[in-house]
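Student: Please work out how this folds:
(one chain, ligands or ions: 2)
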Amino acid sequence: MATKTRQHNLAAARWSANGSALGASDLTDPATGIFGESVFSPAVQKARLPRDVHRRLQDTLEHGQPLDPSLADAVAKEMREWAMEKGATHYTHWFQPLTGLTAEKHDSFFAPVGDGTAIAEFSGKELIQGEPDASSFPTGGVRATFEARGYTAWDPTSPAFILDNPNGAVLCIPTAFVSWTGEALDHKIPLLRSMDSLSRVAVRALRMFGDEQTMRVLTTVGPEQEYFLIDEHFYYERPDLYTTGRTLFGAKPPKGQELDEHYFGSIPERVLACMLDTERELQRLGVPVKTRHNEVAPSQYEIAPLFENSNVSSDHQQLTMLVLQNIARRYGLVCLMHEKPFAGVNGSGKHNNWSMSTDDGQNLLEPGDSPTRNLRFLFFCAAVIAAVDRHQELLRASVASVGQDHRLGANEAPPAIISIFLGGELERVFKAIESGEPIEDSSGNFLGLGTPVLPPLPLHGGDRNRTSPLAFTGNKFEFRALGSSMSLGFTNAVLNTITAEQLDKMVDTVEALREEGLDRDEAVLEVVRRAWRKHSRIVFDGDGYATTWHDEAARRGLANLPTTPDALPWIVETSTVQMFERYKVLSERELEARFDVVAEQYATKLNIEAEVAASIARTMILPAAIRYLGEIEAAGVGALASGLRLEIDELIARLGDLERVNVKHPAIEGLVLAKHMRDEVLPRMNATREVADRLERLVADDLWPLPKYSEMLFIK
Ligand code: ADP
Ligand code: MG
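Tutor: Ligands and ions are numbered 1, 2, ... in the order given. Below is the predicted model of the structure:
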């Protein structure tokens, strides 16, 4: 279509202006000393803070003590000076409300002094605590109206950084967001609390293995982010995309995903420049990106950083999504983070590579080279397997959202049934432990697994199964069921907490067995054996997409929770509440708040989608079809006209039906409303779309009001 091609050329022209402005030197190796230059990193802190201040700050962080106000003043002063040298004029407490996005409220460093001038100020108090106008963030009823305030609290364990905006730079201080009654209103607090609990329990387990050194165990996360980039002109022409993040209409293009190998590796120049710019910006912000340029669907890409501790990684993930979206606009592109922007084309997810590490960097999910290390590995690994089996529904619920319903349990990866892929070798080891029989390793040696003495485990990380929601990949678990737009916070809080609970149980049992007279290694092996026997039903190495797996999973008693309303109740199940309260991660009230927020967001988003769909159908698609009908009738092509008229009538009927169910329902709310939206509204949206997509294939292209899939996906 002529107009669209012209617009695309404009966008391309704009990008080349940008591209040349970058200059060749800017496009050189990103490892040129820019890494972390916008971060008030531990190294910067060490170099700039007075020595005693730095030492006291380190002590406070290491021992988790409350922060001394004089210390906060000293840190704030240095932080402000550093930020102003970098051009910052404002600061903000950067936090992650339950919307899943990040929020900022900018305050100036400058305060008037009464004589018409202003001086730069930033006290320890302002560093430690902020008061955003929080009444408009979702709280799930935690905050009654009389206490309609929340506050943000500095998280000194995630370094402050500077975000460049067109009108200046802002110092961003990572903070937690709490109500005045101390309840978590964000995604950071449960994550931090879960990391503390897991650490406490994991250290307990390590002591059992004779490790007296480790003081803290950190969970680590390396997220892989999928996203789409499309030309911004198409985006502006699609009310569905700019209001809901996904296309609500669009016929499958003649050239679809089946050809995706054709596109693999050939990244258009504009996209590549955008990626390099994004990488560079992220490097400045201290995000250790190592991009992968591969694409699964047309116009789909992926970015992956090196792993970091879960809290920093989660903050960095949030920054990555922000920077991806901001930089894309400089290149006339729009970055789509939605889980399913295009029907019939692969959606976007986020892979959460997860492990546990001691404070001196030993990965606890790495099979070791000594018998004790291996026993330790098997113990921690068995704990994860058992924990995931025990709380599979909760884990499923932790990744539930309206966008995710198009992926999980639908026709693409991964299935809504949670299972674990271990790889043949590790599975054989666990089976051998269960049966007490020796097995042969790949080098022909026998592993005497019946005895407590284990030789090195010959495991290869190369074993892969792409259909599994949770795969052991050699030295970590990769949880692949997260949605592309999600915060890492809650899912990782769940992973950490269920593992803490299970480790605790298993250490208790080891201690009980030792009192019965077993030696440590025998007791540990026995506990691993019992965990495997009870929970190995969760382990599955077959094709997770096959329909036979659904039957098999049902036989094994595994949960299949295909939609968000199916999964959500597990957030407030007794087993969840008891565990979260016991490990002090979230109280019952805080869990209920989260449940309410997700249920409400689900219903609200579907309601908005349905309104946008109805409006597009009524004011864009229907008029186009009617105009075309007029042209056909004027031309006297009767045969064409009758077919078209039937489709138009059908569209009007289905549209009316959609509008009828998508109205205000004052009497229902929460999960009931969510189910109504899922069962009544969504199917009618799909039914309306079906006819509209048929019309897209009939109506003259120059009359069609929306950019088509083939344009959005293939014009780069
Ligand atoms: P692949 O074979 O898929 O390339 P990598 O070893 O490169 O595997 O890791 C893939 C992802 O897993 C990366 O994002 C990486 O940071 C992350 N990762 C690696 N080790 C760990 C770990 N111990 N904990 C958490 N994430 C990890
Ligand atoms: Mg992956």
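Student: Domains in this protein, by residue range?
Tutor: With domains defined by automatic domain parsing, the chain comprises 35-186, 194-586, 599-714.
Student: Least reliable of those by average pLDDT, please.
Tutor: Per-stretch mean pLDDT for these is lowest at domain 35-186 (a mean of 84).
Student: returning to that earlier point: for the domains of the chain, please prepare CSV with the additional fields distance to ligand 2 and mean neighbour count.
Tutor: Every C-beta, even on glycine, is put in place using the N, C-alpha and C of the backbone. As requested, the domains of the chain are exported to CSV (distance: least, CB to the ion, whole Å; neighbours: other CB atoms under 10 Å):
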stretch, distance to ligand 2, mean neighbour count
domain 35-186, 21, 17
domain 194-586, 4, 20
domain 599-714, 23, 17
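Student: Any figure for the gap between the residue lying closest to residue 606 once chain neighbours are set aside and ligand 1?
Tutor: Nearest residue to residue 606 in three dimensions, chain neighbours excluded: residue 677, at 4.0 Å (CB to CB, 6 or more residues apart in numbering). Distance of residue 677 to ligand 1, computed by CB to the nearest ligand atom, to the nearest Å: 35 Å.
Student: contacting residues around residue 677?
Tutor: 602-603, 606-607, 610 (CB atoms under 8 Å, 6 or more residues apart in numbering).
Student: Return the member of these nearest to residue 685.
Tutor: Among those, residue 610 lies closest to residue 685 (CB to CB), at 5.3 Å.
Student: Contact partners for the closest one?
Tutor: Counting by CB under 8 Å, 6+ apart, residue 610 touches 658, 662, 677, 681-682, 684-685.
Student: Can you tell me the SS state at residue 151?
Tutor: Residue 151 carries the three-state label strand when classified by DSSP: H, G, I helix; E, B strand; the rest coil.
Student: and if you look at residue 399?
Tutor: coil.
Student: What residues does it make contact with?
Tutor: Contacts of residue 399 were listed using CB under 8 Å, 6+ apart, and they are 408, 481-483, 486, 491.
Student: if we can go back for a sec, of the contacts of residue 610, closest to residue 129?
Tutor: Nearest to residue 129 among the contacts of residue 610: residue 677, at 38.5 Å, using CB to CB.
Student: Residue 354 belongs to a strand?
Tutor: Yes: counting by three-state DSSP, residue 354 is found in a strand.
Student: Can you verify my assumption that it contacts residue 475?
Tutor: No: contact between residue 354 and residue 475 fails when scored by CB atoms under 8 Å: they sit 11.0 Å apart.
Student: Show me where the stretch 601-716 of the chain has its helices.
Tutor: 622-635, 638-661, 670-676, 682-698, 709-714 (DSSP state H, counting those that start in this stretch).
Student: Looking at the contacts of residue 677, which is nearest ligand 1?
Tutor: The closest of those to ligand 1 turns out to be residue 602 (CB to the nearest ligand atom; 29.2 Å).
Student: The closest one reaches residue 672, doesn't it?
Tutor: No: the pair residue 602 / residue 672 is not scored as a contact, 11.8 Å apart, by CB under 8 Å.
Student: Tell me how far the residue lying closest to residue 48 once chain neighbours are set aside lies from ligand 1.
Tutor: Leaving aside its chain neighbours, residue 48 sits nearest to residue 78 (5.1 Å; criterion: CB to CB, 6+ apart). Here residue 78 is placed at a distance of 31 Å from ligand 1 (CB to the nearest ligand atom).
Student: for residue 99, same thing?
Tutor: Distance from residue 99 to ligand 1, by CB to the nearest ligand atom: 25 Å.
Student: So that residue versus residue 486, what's the distance?
Tutor: Counting by CB to CB, to the nearest Å, the gap from residue 99 to residue 486 is 11 Å.
Student: What of residue 116?
Tutor: From residue 116 to residue 486 the distance is 49 Å (CB to CB).
Student: Name the residues of the stretch 251-400 of the chain found near ligand 1, please.
Tutor: The stretch 251-400 of the chain has residues 304, 306-307, 353-355, 363 near ligand 1, with proximity defined as CB under 6 Å from any ligand atom.
Student: Turn those residues into CSV, columns for distance to residue 240.
Tutor: CSV is the format used below for these (distance: CB to CB, whole Å):
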residue, distance to residue 240
304, 29
306, 36
307, 36
353, 33
354, 34
355, 39
363, 44
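Student: Good, we can wrap up now.
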